[in-house]
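# Need a 3D model of the sequence below.
(one chain, ligands or ions: 1)
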Amino acid sequence: MRCLMCGSAIGGSADLCETLFWDDLLCRKCRKQWTADRHRFRISGVRGYSSYLYNQAFSKCLIQYKELGDEALADVFLFRERKRLRHLFRGRTLVLMPSTAEKLQERGFSHLQLMFGCLGMNMTEPFVKLPGTEQKRLGAVQRKQIMQRIRLKEDAEIPDRIVLCDDLITTGSTLRSALNCLSRDIDMMIYACAYVPEHGSGHQPP
Ligand SMILES: [Zn+2]
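Have a look, this model is predicted:
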C-alpha cells in the first residue's frame, strides 16, 4: 500500500516498525508531521472535542482534499481516531455542518459526509449555509453576523442525541450559529477534527 500523501510504499522500506505494526493510510513520516492533540473546549456551554492541532501538515492535507478535490484522502483524517470516536459518539447521530451550495457544486462532493463516513454511523445534514458566508472572506464583525447565515432546512428532523461535526474549528462562530438553531432539549456534543489555537497557527484555513 502507498501513502496517500507522499506516495511512498508503506511497510516496504527498511523501517521495521512500519512494516510490522503500522496501521495507517499515511506513512510514518507523513503522519509524524501531524500534531495529535485531544483538545477539549466548550461552545455556548456544549462540550466539544478535537483530535489534532491545525498545523502545516494538516492544512496541506485538508487543502488537497477539500479544495483540490482529492477524494481519496477522505479517510485519512479520522483513521487513527475511528475506534475512539465510535465509542465516544455511541448512540448519537452525526450532524454535519453545512457548506454553501456554491462550494458544494465547486467540489462535487460533500467533504464531511465522506470524511465522517469511515465511522459507519448515522449522519444527517439538516442545515443550509447561505451564500457569501465563506469565513475567510469575512472580517471579525461580519463573522459575528454569520449567526444569521445558517438555518435549518424546512423538513429537517433533529434526533434527540447528536454530535455536531466539522473538519475544523476556528472562531467557533459557525458552530455557535448552528447551536442557535437547535432546541436546548437535544443532548448535544461537538467534534471538530482539528482546532486552530486562539493565537492562530500561521496557516490560513481553507
Ligand atoms: Zn507519506
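# Leaving aside the residues adjacent along the chain, what's closest to the residue most central in space within the chain?
Closest to where the C-alpha atoms of the chain average out (C-alpha atoms, centre = their mean) is D167, at 1.4 Å. Once its chain neighbours are removed from consideration, D167 has its nearest residue in C193; the separation is 5.2 Å (C-beta to C-beta, 6 or more residues apart in numbering). Where C-beta positions appear, they are placed from N, C-alpha and C, glycine not excepted.
# got the contact list for the one you found?
Residues counted as contacts of C193 (C-beta atoms under 8 Å, 6 or more residues apart in numbering) are S50, S51, Y52, F77, L78, M115, D166, D167, L168.
# residues in contact with the first one?
Spelled out, it's S50. Listed by C-beta under 8 Å, 6+ apart, the contact partners of S50 are D37, R38, H39, F41, I169, Y191, A192, C193, A194, Y195.
# Recalculate using a threshold of 10 Å.
37-41, 81, 166, 168-169, 190-196 (C-beta atoms under 10 Å, 6 or more residues apart in numbering).
# Among those, which lie within strands?
Here DSSP state E is the test, and the contacts of S50 give 37-41, 166, 168-169, 190-195 as lying in strands.
# Heading C-terminal from the helix or strand of the chain with the lowest mean pLDDT, find the next helix or strand.
Here the helix or strand of the chain ranked lowest by mean pLDDT, DSSP states H and E is helix 140-145, holding a mean of 58. Tracing the chain past helix 140-145, the next element assigned as helix or strand by DSSP states H and E is strand 150-152.
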